[in-house]
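[1] Coordinates only, no sequence provided:
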């Protein structure tokens with residue numbers, strides 16, 4: 001872990017798929033050295049491998065800017081991770097939904113749209 005990252009929030013959220021068991025535990029970090037926010041998954045008691053590497057809000061924002069005003073699915077987040085775990089992108093999408101950074105679509109269960117990144121930053 002980068003020693004300059006301070007954990008400012010530790011909480012849990014449901015997974016995207018309604019049939020999935022358990023909640024994901026995740027952390028929000030703040031790196032004062034470059035004034036950036038980061039997120040990482042820290043536990044999945046329901047099973048399924050994941051990477052606990054930090055993902056920067058800046059990199060998340062870059063991906064979201066490629067999908068303005070359109071629906072997208074969790075695999076767009078695969079490039080955020082060095083580890084190629086099969087669950088990383090879906091789990092980070094669940095975290096992003098929980099924080100309002102992306103929004104679930106009412107019609108299509110696994111589809112998302114861009115939420116309020118600025119609102120997330122202000123709340124932190």
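    All right, it came through fine. Here the structure is a predicted model, which is why all the values come from computation and not from measurement. Numbers count the residues shown, from 1 in each chain.
[2] For residue 2, give me the pLDDT.
    pLDDT for residue 2: 61.
[3] gap between the most centrally placed residue in the chain and residue 111?
    The residue lying closest to the centre of the chain (C-alpha atoms, centre = their mean) is residue 92, at 3.2 Å. For residue 92, the distance to residue 111 equals 16 Å [C-beta to C-beta, to the nearest Å]. Every C-beta, even on glycine, is put in place using the N, C-alpha and C of the backbone.
[4] Kindly report the same for residue 28.
    24 Å.
[5] neighbour-wise, which of the two wins?
    With neighbours defined as other C-beta atoms under 10 Å, residue 28 and residue 111 compare such that residue 28 has more, 20 against 16.
[6] residues contacting the nearest residue to that one once chain neighbours are set aside?
    In this structure, residue 28 finds its nearest non-sequential neighbour in residue 9, 4.0 Å apart by C-beta to C-beta, 6 or more residues apart in numbering. Counting by C-beta atoms under 8 Å, 6 or more residues apart in numbering, residue 9 touches 27, 28, 124.
[7] From those residues, which land in strands?
    Under the assignment DSSP state E, the contacts of residue 9 contribute 27, 28 to strands.
[8] pLDDT check: weakest of the contacts of residue 9?
    Least confident entry in the contacts of residue 9, by pLDDT: residue 124, with 92.
[9] Was I right to think it contacts residue 35?
    No. Counting by C-beta atoms under 8 Å, residue 124 stays clear of residue 35, with 11.4 Å between them.
[10] who's more crowded, those two?
    A direct count of neighbours by other C-beta under 10 Å for residue 124 and residue 35 places residue 124 higher, at 13 against 7.
[11] any idea how far residue 21 is from the more buried one?
    29 Å.
[12] What are the contacting residues of stretch 43-60?
    Stretch 43-60 is contacted from outside by 1-2, 5, 15, 20-25, 29, 36-42, 77, 80-83, 85-88, 91-92, 96, 101, 117, 120-121, using C-beta under 8 Å, 6+ apart.
[13] What's the end-to-end length of that stretch?
    End-to-end distance for stretch 43-60: 20 Å, by C-alpha to C-alpha, to the nearest Å.
[14] next one: stretch 64-78
    By C-alpha to C-alpha, the extent of stretch 64-78 from end to end equals 12 Å.
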